[in-house]
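[1] Just a sequence and a predicted model for now, questions to come.
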Amino acid sequence: MTAVLFQQVSRHFGAVRAVDSVDLAIAEGEFFAMLGPSGSGKTTCLRLMAGFEQPTSGHIEIFGETAEGVPPYRRNVNTVFQDYALFPHLSILENVAYGLMVKGVGKAERLKAAEEALAMVKLPGYGARRPGQLSGGQRQRVALARALVNRPRVLLLDEPLGALDLKLREQMQEELKSLQKSLGITFVFVTHDQGEALSMADRIAVFSDGRIQQLGTPEEVYKRPKTRFVADFVGSSNVLPPDFVRTLGFGDSYASLRPEAITLGDGPGRKNFAGRVVATSFLGAANRVTVEAAGARVAAMTPASTAPPALGETVTLSFLPQDLHPMDGAR
Amino acid sequence: MRSDRNTSAPLGLKIAAGLGLAFLHLPILLIFLYAFTTEEKSYQFPPPGYTLKWFAVTWNRPDVWEAMGLSVRVASISTAVALVLGTLCAAAVSRTKFFGRETISLLVILPIALPGIITGIALRSAFSFAEIPFSFWTIVLGHATFCVVVVYNNAVARFRRVSGSLIEASMDLGADSFQTFRYVILPNIGTALLAGGMLAFALSFDEVIVTTFTAGQQSTLPIWMLEELVRPRQRPVTNVVAMVVVLVTFLPILGAYYLTRDGDQVAGAGK
């Protein structure tokens, strides 16, 4: 079943097209990431799902029900806010029980449910404290418990890991992932960190300028970026200009070619080109060799076991034709 | 400059500061002193004798009770009006962006910056222009003009610190607008409103100038005191009433001070 459906959804603020004709369908139980730089429209899309924004045009459905005009408090959707938005005047337990309290669940029952939710996010016994007494990572978990205690059908996460330090972030990534698997709730996750999106999501929508540039599995988005923007933003792919692509015997468009797919020297069934080495760097497991060929800069990964070519040397590089992916040329 | 705090001020400056404070506060003590004097016609120093009888006399004067009752009612209702309007206005100015927002903010604050006599004359001519007879309600209206400002100023500062995502979080968790106000906004701005309300009450309770222009035949307590001063008999009654006014207005102001001070700490802890 489709959890969230956008049909030609636009949200304009005056002349600014924050979200522009977006179509997407998120499946039930999916871990869906919306990836993009700031101002790309991903957060506005999340707010449209939560009900904090209404679309200027288009149609939104949440589990088959029309969502336009439905206020946030009548949607079976909960949000984990970027700044956590814990209520400073309430204890942690009261924070977590808030959603049940306003729905009229009895005190004993809601406090018990809140305790269980706190245990689920590994904060048992923290209920009596105030938000100000917790660390950033702990507040993040409380925000998660406060949303999940309502048993939402869709959980929206707005840059939930953005404020955490690297180690905590990696740990939370794994926990979020396993929590999502065990609860079976649809997670929609906004991030500007491509690594986070690639490692956690089942599918990724890459946003730019209010539009979805590409929607696919992490592997598709990483290996076969559809546009130059996606290639630049998501991975470290080489973006080859049309002139260069034509000399290699392909069509007249931009194309992506990942550095791992390029080797030094030629071989059977491979396409080759010559380039002058302009930079080399040692990355541990591999060397990164950057060459200049027909006006384009192309990076290749070569095994660390072989010595990299000298700077200024002209070398032959080759790749398998199926590793070169033509892209939409516009950007 | 932290080091400045450790160096002691010169003796002359200390004496000057002491004299300044004495000049400010000794007259108030004199008022208290003359509440106990046995001489009722003039203020001679030192008082010829001390007595508590003026408290009894004051207690039995119906005009004192009448004026006191009027002042309490005016102050209560002006404060109530100010709490509602001031909070709504503060919410609008701090929560939303609209054309003319800064202007409205300035216009709301203006009555407290204007001399009371301007507000008074303006209201009086407006009332007579609209042929509204002077009554209890014209006094309330006059007082509400500056009471709103006090509540607004307190509320707007606190509203700015209640982050917008708290309200969104509440709605997201299933609370409608009323529940959000009841469970999230009110607890966060409550102490600011109480403080604003107390200040407003105190301001209204001892207001003279605007009241002079907007009252008809009725006398609020400060007006009654002004009239009483020119009468040569039972003068200490005025002093007894003055003591009560000082207590009634000073306690709320003190309370407001403590409330907003604590409130700052509570609101800051959540950041």
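    Thanks, I have the structure now.

[2] Dump stretch B:101-114 to CSV, restricted to CA.
    The C-alpha trace of stretch B:101-114 is given here as CSV (Å, rounded to 0.1, in the frame of the first residue of the first chain):
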residue,chain,number,x,y,z
ARG,B,101,3.9,44.9,12.2
GLU,B,102,6.5,47.3,13.5
THR,B,103,4.1,50.2,13.4
ILE,B,104,1.5,48.3,15.4
SER,B,105,4.2,47.4,17.9
LEU,B,106,5.1,51.1,18.3
LEU,B,107,1.5,52.3,18.5
VAL,B,108,0.7,49.8,21.3
ILE,B,109,3.7,50.9,23.3
LEU,B,110,3.1,54.6,22.7
PRO,B,111,0.5,55.3,25.5
ILE,B,112,3.0,54.6,28.1
ALA,B,113,5.6,56.9,26.5
LEU,B,114,3.0,59.7,26.1
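
[3] Same question for that stretch: list its buried residues.
    By neighbour count on 16 or more other Cβ atoms under 10 Å in any protein chain shown, the buried set for stretch B:101-114 is B:S105, B:V108, B:P111, B:I112. C-beta coordinates here come from the backbone N, C-alpha and C atoms, glycine included.

[4] ok, and what's touching it?
    The contact list for stretch B:101-114, computed with Cβ atoms under 8 Å, 6 or more residues apart in numbering or on different chains, reads B:C89, B:A92, B:V93, B:T119, B:T145, B:F146, B:V148, B:V149, B:V150, B:Y152, B:N153, B:V156.

[5] Most neighbours out of the residues you listed, which is it?
    The most crowded member of the contacts of stretch B:101-114, judged by other Cβ atoms under 10 Å in any protein chain shown, is B:V148 (28 neighbours).

[6] remind me which residues of the stretch 151-271 of chain B are low pLDDT?
    Applying pLDDT under 70 to the stretch 151-271 of chain B flags the ranges B:232, B:260-271.

[7] Now do the helix or strand that A:T290 is a member of: distance to the chain's middle.
    Assigned by DSSP states H and E, A:T290 belongs to strand A:286-293. Taking Cα atoms, centre = their mean, to the nearest Å, one finds strand A:286-293 lying 28 Å from the centre of the chain it belongs to.

[8] helix or strand right after it?
    Downstream of strand A:286-293 (by DSSP H and E), the next one is strand A:296-303.

[9] how far is that next one from where the chain is centred?
    Distance, stretch centre to chain centre, for strand A:296-303: 26 Å (Cα atoms, centre = their mean).

[10] now that strand and strand A:286-293, what's the angle there?
    150 degrees (axes from the mean of the first three to the mean of the last three Cα atoms, to 10 degrees).

[11] for strand A:296-303, what is the average pLDDT?
    For strand A:296-303, mean pLDDT is 88.

[12] Walk me through which strands that strand pairs with, and which way each runs.
    Strand A:296-303 has these partner strands in its sheet, going by DSSP bridges: strand A:286-293 (antiparallel).

[13] List of residues touching the partner strand?
    Outside strand A:286-293, the residues touching it (Cβ under 8 Å, 6+ apart) are A:244, A:259, A:264, A:273-282, A:297-304, A:308-309, A:315, A:317.

[14] and those, which are buried?
    Judged by 16+ other Cβ under 10 Å, buried ones among these: A:244, A:259, A:264, A:273, A:275, A:277, A:280, A:298-302, A:308-309, A:315, A:317.

[15] Which pair of these spans the longest distance?
    Spatially, the most separated pair among these is A:F244 and A:P308, at 22.5 Å (Cβ to Cβ).

[16] Rebuild the contacts of stretch B:101-114 as CSV, extending it with secondary structure.
    Formatted as CSV, the contacts of stretch B:101-114 follow (DSSP: H, G, I helix; E, B strand; the rest coil):
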residue, secondary structure
B:C89, helix
B:A92, helix
B:V93, helix
B:T119, helix
B:T145, helix
B:F146, helix
B:V148, helix
B:V149, helix
B:V150, helix
B:Y152, helix
B:N153, helix
B:V156, helix
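
[17] can you tell me how far A:S208 sits from A:G39?
    9 Å (Cβ to Cβ, to the nearest Å).

[18] Those two: who's more crowded?
    A:S208 (21 against 14).

[19] Any idea what that one is bridged to?
    A:R211.
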